[in-house]
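1. Got a sequence here, can you model it:
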Amino acid sequence: MEVLSILALHLVDNIGGTKAKQLISYCGSAEAVFKMPLERLKRIPQIGEKAAQALKTGNFREEAEAEWQKAAKMGVRVLSFLDPDYPQRLRQIPDAPLILFTRGEVSLNPAKCIAIVGTREATDYGRGITEEIVADLQKHKPLIVSGLAYGIDIAAHRASLRSQLPTVGILASGVDVIYPAAHKQTVQQMLEAGGGIVSESRLGTKPDAPRFPARNRIIAGMADLVLVIEAKAKGGALITAEVANDYHREVMAVPGDLHRSASVGCHKLIREHKAHIYTGLADLETLLNWQDQHPTQTQPRQLPLAYHMDTLDETEQKIIRLLTQTGESVGIDDISWQLQLSASQVNAALFNLELTGWIKAQPGKKYKRV
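-> Here you go, the predicted model:
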């Protein structure tokens, strides 16, 4: 199965999601990556000798099979970035995880999704506002995403349970290592209520410092909007907001007491125009154009064309314009000739465009604009 080869790539040190996708694009498949000679791997752009050497050491396919079997026994699902159930919003970001490990029956492609984050040292005000906001959101039936941490995160998950909204915790550990352990009961309640937990880390992974910023990018990438409720001058909530801005996701921040350190980060985001101010649900509804949307909508919110075009590189934009103008299926050779681009450039761009839903492969190695 190709998914096992993708999982094997995910397990290789020095190969992140971005490099892995580059490798798959140039080699044609994840399985072909492991069959590629070392010297050819080294010549692939952005890969280099260190990553190429890493691919040739270790029995990654065997490790992947063992991980797959372990996950199956534990009721953990392994989603590759090519799986239709992989979060579509997350797939759009440039450094989307190659693999996600998930527990729970929740759909990761809801009609609406809000991420709620904040300080671990939440005040009574912050916890109360979190409860109030989640209760107000109930009429829209969004998926609530957070990081399962102390403070605002766990308050958001628990408020979602009380409002009967599905909620997903994104972990900086394996999905079989609940951190902090004090939240195990809440996780169980989330799973029983139709929610879930998600991680890119392999099973058995314990949390460490570098994994938290990586976890935060998943939180930002999965949501339509990141809502910051209390944040200090530095911390994970601000990192998540910064990443969300980089991903062109909407960000809102709740103002607080001027004399509390837990409000400094939110005020900074608002002051620097990195977040819209949240004074009530109407602000969020206006920003996301939710006023007239039916809550049972089943497809993710479609983003404006201009928004997407900004996320594409120059080559990808040229291809999209060509396919839009022709309105028909165009072969790789024709694309290369008409745009005066190398075959490797075209292949890499087509891979990313298909991955993010811009184009669809047709018979005869042709592609058509979706």
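2. From now on I want contacts and neighbour counts done on CA atoms only, so please keep to that.
-> Will do.
3. hang on, isn't residue 346 packed against residue 337?
-> No: at 10.1 Å, residue 346 does not count as touching residue 337 under the criterion of CA atoms under 8 Å.
4. For these two, indicate the residue with more neighbours.
-> Neighbours were counted for residue 346 and for residue 337 using other CA atoms under 10 Å; residue 346 has more, 20 against 11.
5. Over to the closest residue to that one other than its chain neighbours. Which of the three states is it?
-> Once flanking residues are discounted, residue 346 sits nearest to residue 336: 6.3 Å by CA to CA, 6 or more residues apart in numbering. Put simply, residue 336 is helix when judged by DSSP: H, G, I helix; E, B strand; the rest coil.
6. In this structure residue 336 contacts residue 348, no?
-> No: counting by CA under 8 Å, residue 336 stays clear of residue 348, with 11.8 Å between them.
7. quick one, which of those two is more surrounded?
-> Higher neighbour count among residue 336 and residue 348: residue 348, with 20 against 17, using other CA under 10 Å.
8. Just the pLDDT at the more buried one, thanks.
-> Residue-level confidence at residue 348 comes out at 82, pLDDT.
9. Kindly report the same for residue 297.
-> 43.
10. do residue 49 as well
-> 82.
11. now swap in residue 140 and tell me
-> Reported pLDDT for residue 140: 97.
12. can you count the residues close to it?
-> 19.
13. ditto for residue 324
-> 13.
14. ok so it is a helix residue?
-> Yes: under three-state DSSP, residue 324 sits within a helix.
15. residue contacts, it?
-> Contacts for residue 324 (CA atoms under 8 Å, 6 or more residues apart in numbering) come out as residue 369.
16. State the distance from it to residue 368.
-> Between residue 324 and residue 368 the distance is 8 Å, computed by CA to CA, to the nearest Å.
17. likewise residue 285?
-> Note on residue 285: its distance to residue 368, by CA to CA, is 35 Å.
18. Likewise for residue 336?
-> Taking CA to CA, one finds residue 336 at 15 Å from residue 368.
19. Residue 285 and residue 368: which has the busier surroundings?
-> The neighbour comparison of residue 285 against residue 368 (other CA under 10 Å) goes to residue 368, with 20 against 15.
20. Would you double-check that the more buried one falls in a strand?
-> Yes: counting by three-state DSSP, residue 368 falls inside a strand.
21. Just give the nearest non-adjacent residue to it, would you?
-> Per CA to CA, 6+ apart, closest to residue 368 is residue 329, 4.4 Å.
22. check contacts around that neighbour.
-> 323, 362, 366, 367, 368, 369.
23. Also residue 332?
-> 343, 346, 347, 365, 366, 367.
24. Nearest to residue 58 among the residues you listed?
-> Residue 58 has its nearest neighbour among the contacts of residue 332 in residue 347, at 28.6 Å by CA to CA.
25. What residues sit buried inside the helix or strand hosting that closest one?
-> Assigned by DSSP states H and E, residue 347 belongs to helix 343-355. Buried residues in helix 343-355, defined by neighbour count with 16 or more other CA atoms under 10 Å: 346, 347, 348, 349, 350, 351, 352, 353, 354, 355.
26. cool, and stretch 68-80?
-> Buried, per 16+ other CA under 10 Å, within stretch 68-80: 68, 71, 76, 77, 78, 79, 80.
27. Ok, stretch 232-248 next?
-> 232-233, 236-245, 247-248.
28. Find the residue closest to residue 359 in space, skipping its chain neighbours.
-> Per CA to CA, 6+ apart, closest to residue 359 is residue 369, 4.5 Å.
29. got it, and residue 348?
-> Using CA to CA, 6+ apart, the nearest residue to residue 348 is residue 25, at 5.2 Å.
30. Do you know the pLDDT at that neighbour?
-> Confidence score, pLDDT, at residue 25: 81.
31. for the stretch 51-200 of the chain, what spans make up the strands?
-> Taking DSSP state E, counting those that start in this stretch as the criterion, the stretch 51-200 of the chain carries its strands at 77-80, 99-103, 113-117, 143-146, 167-170, 196-199.
32. before we move on, what about the stretch 201-350 of the chain?
-> Along the stretch 201-350 of the chain, the stretches classed as strands by DSSP E, counting those that start in this stretch are 225-228, 250-253, 276-277, 330-331.
33. and residue 54, which of the strands of the stretch 51-200 of the chain is closest to it?
-> strand 99-103 (18.4 Å).
34. Please pull out the lowest mean pLDDT helix or strand from the protein.
-> helix 305-309 (a mean of 50; mean pLDDT, DSSP states H and E).
35. quick one: which of the strands of the stretch 51-200 of the chain is nearest residue 318?
-> strand 77-80 (27.9 Å).
36. Give the pairing partners of that closest one; include direction for each.
-> Partners of strand 77-80 in the sheet, by DSSP bridges, are strand 99-103 (antiparallel).
37. where does the stretch 251-370 of the chain dip in pLDDT?
-> Within the stretch 251-370 of the chain, the segments meeting pLDDT under 70 span 292-310, 364.
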